[in-house]
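>>> Sequence isn't available, so here's the structure alone:
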């Protein structure tokens, strides 16, 4: 019998532990073309908050009372699928549980890049791919650009910082508190703004980027997005990845500097990482090169045990993670 977290009720505002329930689940027999996987690592990510609402979106909502989904890395313990053997480490989306039986088509064998398997849930997984294509494709960032990235100590933001520096850009990041500021500085950021200290974020960004910014990589929305609009150069490019500021409140973002979109001809584009999955091999090749030359450093915050999964998820909204938030089983 496997164990899985289910969504017991839909949150109103910030989720609480009462919204989750652990359940015993029966897994099917492994038939031809299928594998049984013992999960070793689980991912929790901010986008999962949107799936807790019963609204139409780019990904369907979680079904009440049924196992939740999310990225996971596991070990194949039984296989009736060609190309997948017992002992192989694989990536799949049947997270929030300790075991899964899946068709081989829903499983990706981890490429051999000489890294720990959990890296494929972070820097070499969905967050890393989000950072890579959001920065280089959506925002068309190039050497010489000044890049502003919010939540620069998070899984996506910390990777944006490192890719931007590896590609010859000036980087300004935001982070909350001295420890996270120090981390972002250690990753190579040229300036790090503590958004939790007193004072106008617009003024802080103006001081850090007196010649303006060319690119904004948005993980936060709200005040950060408004500050980026205020300081953007002509024809700046904004890649809108996430707006964690409003995921729980649902409040509209007040943009005092929105009119600058017109005069400065700012290009603002939202994106979803699934748009770029067909280019995964390109991502792996470039990131592997940066890894081998020491231009990438991985940060992780690890919770232990399946029971800790809701704690890990809730920590995403209270600054509880540095780098990628993971659960180790």
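Received, thanks. Being a predicted model, the structure only gives us computed values, none of them experimental.

>>> neighbouring strands for the helix or strand hosting residue 269, and are they parallel or not?
Per DSSP states H and E: residue 269 is located in strand 267-270. The strands beside strand 267-270 in its sheet (DSSP bridges) come out as strand 232-240 (parallel).

>>> pLDDT weak spots in the protein?
Scanning the chain for pLDDT under 70 picks out 247, 249-252.

>>> if we can go back for a sec, would you mind listing the buried residues in the next helix or strand after the strand holding residue 269?
Under the assignment DSSP H and E, the closest C-terminal helix or strand after strand 267-270 is helix 280-292. The neighbour-count check on helix 280-292 (16 or more other Cβ atoms under 10 Å) flags 283, 284, 287, 288, 290, 291 as buried. Where you see a C-beta, it was placed from the backbone N, CA and C, and this is true even at glycine.

>>> I'd say the third one and residue 123 touch.
Yes - Residue 287 sits in contact with residue 123 when judged by Cβ atoms under 8 Å, with a separation of 7.4 Å.

>>> all helices of the stretch 151-300 of the chain, in order?
155-166, 178-186, 201-208, 222-231, 260-263, 280-292 (DSSP state H, counting those that start in this stretch).

>>> Now do the third one and helix 222-231, the angle between them.
So the one you mean is helix 201-208. Interaxial angle of helix 201-208 relative to helix 222-231 (axes from the mean of the first three to the mean of the last three Cα atoms, to 10 degrees): 50 degrees.

>>> residues shared between the contacts of residue 287 and residue 123?
residue 296 (Cβ atoms under 8 Å, 6 or more residues apart in numbering).

>>> Quick check: which of the helices of the stretch 151-300 of the chain is buried the most?
helix 155-166 (a mean of 28; mean count of other Cβ atoms under 10 Å).

>>> gap between it and the chain center?
12 Å (Cα atoms, centre = their mean, to the nearest Å).

>>> State the distance from the residue sitting nearest the centre point of the chain to residue 198.
In the chain, the centroid-proximal residue (Cα atoms, centre = their mean) is residue 127; its distance is 3.7 Å. With the distance defined as Cβ to Cβ, to the nearest Å, residue 127 ends up 31 Å from residue 198.
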